[in-house]
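Q: fold the following.
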Amino acid sequence: MKKYKGLISVVLGAALVAALALAGCASNNASSNAGSSSGDQGAESTHEAVTLQIFAANSLSKAMEEEEALYTQTHEWVTFADTQYKSSGELNELLEGGATADILISASKSKMDAAEQAGYIDASTRFDMFKNDLVMVTSESNTEITSCTLEDIAAGKYKIGVGDESVPAGNYACQSLSTVGCYTEPDGSTGKDASGTGGEFSGALAADGMVSLQTSVGNVCKLAQSGDVDIAFVYTSDVYRFGGVKVVGTVPSDTHKNIIYPAAITSMASNSAEAQAFLDWCVSDADALEIWQKWGFELAA
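A: Predicted coordinates for the structure are as follows:
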């Protein structure tokens, strides 16, 4: 009997040692996991909070608002200041006046060229971001106009709305109108060779009341919505952005310069790395690309 009691004591002792060993491992694993979790939190905290200021062409407003909201869901350390949406010429004027931004997205290569020449952007970061089409629209409720061509405009059939010289969409429209004798530049250049600035409306459009100039493509679109003009020259993306209008004609691409939206980090950016990360995400993330496409923008590359 004593022999069996001794054996039982040995077995129970071994079991107790094993139990204590397992408890120790569990404790070590818990400590290790806690340390790992703490490390992860520490990694997240390495991102310093930043605020990005974007200057963007008017036509990007609806899409960009969605992009910014989506980006901050996965980049919680980033916030966006009150993004400035204006004509590309006005954005340059803001920078000239001393305003600061991290990112500039223009609707015109020439306006971005001007920003580069003035030293407002870091030229090494510049790239072509989007492309767009110029279309002719009328009020959605207009049943009388179902199609329109540049030749119809030249014949004086319709009153039109066009962006002024600060609005790239207006520049492109004037380039196209020059090919049908409705816009004359001082040097006589037409189409893609024209600037769409510094000239005068001619032919049928020279008559009073035939052309309404506006300071933004949004205001041009509103003229068509309200019926104040018969035809407005806007981007395809503006049809998605504003609604209330229908496309009755696409302006031939060979009558105007290519419609490109260049983007760049500004030379005064205080958050260059985060600004570049956002632009990279905009042109590579699947969900981001879906938003751009929904609003009528197509990547240039």
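Q: please count neighbours and contacts with C-alpha atoms only from this point.
A: OK.
Q: wait, what's in contact with Phe233?
A: 134-137, 160-163, 169-170, 173, 220-221 (C-alpha atoms under 8 Å, 6 or more residues apart in numbering).
Q: show me just the buried residues among the residues you listed.
A: Neighbour counting over the contacts of Phe233 (16 or more other C-alpha atoms under 10 Å) leaves 134-137, 160-163, 169-170, 173, 220-221 as the buried ones.
Q: for these, which one is nearest Lys111?
A: Checking the buried ones among the contacts of Phe233 against Lys111 by C-alpha to C-alpha gives Ala169 as the nearest, at 11.9 Å.
Q: the residue lying closest to Ser178 once chain neighbours are set aside: how many residues sit nearby?
A: Distances taken as C-alpha to C-alpha, 6 or more residues apart in numbering put Thr190 closest to Ser178, at 5.2 Å, once the chain neighbours are dropped. The local packing count at Thr190 equals 22, with neighbours defined by other C-alpha atoms under 10 Å.
Q: how far away is Thr190 from Tyr235?
A: When C-alpha to C-alpha, to the nearest Å is applied, the distance between Thr190 and Tyr235 equals 20 Å.
Q: now, the contacts of Phe233 that are in strands?
A: Secondary structure defined by DSSP state E assigns Leu134, Val135, Met136, Val137, Ile160, Gly161, Val162, Gly163 of those to strands.
Q: quick one: mean pLDDT over stretch 211-229.
A: Confidence over stretch 211-229, taken as the mean pLDDT, stands at 95.
Q: can you point out the buried residues in it?
A: Of the residues in stretch 211-229, those buried under the neighbour-count criterion (16+ other C-alpha under 10 Å) are 211-225, 227-229.
Q: what's the spacing between that stretch and its chain's center?
A: Using C-alpha atoms, centre = their mean, to the nearest Å, we find the averaged C-alpha position of stretch 211-229 to lie 22 Å away from the chain's own average C-alpha position.
Q: ok, residues contacting it?
A: Applying C-alpha under 8 Å, 6+ apart, the contact partners of stretch 211-229 are 58-59, 86-87, 137-140, 158-164, 166-167, 169-170, 205, 230-234, 238, 242, 244-245.
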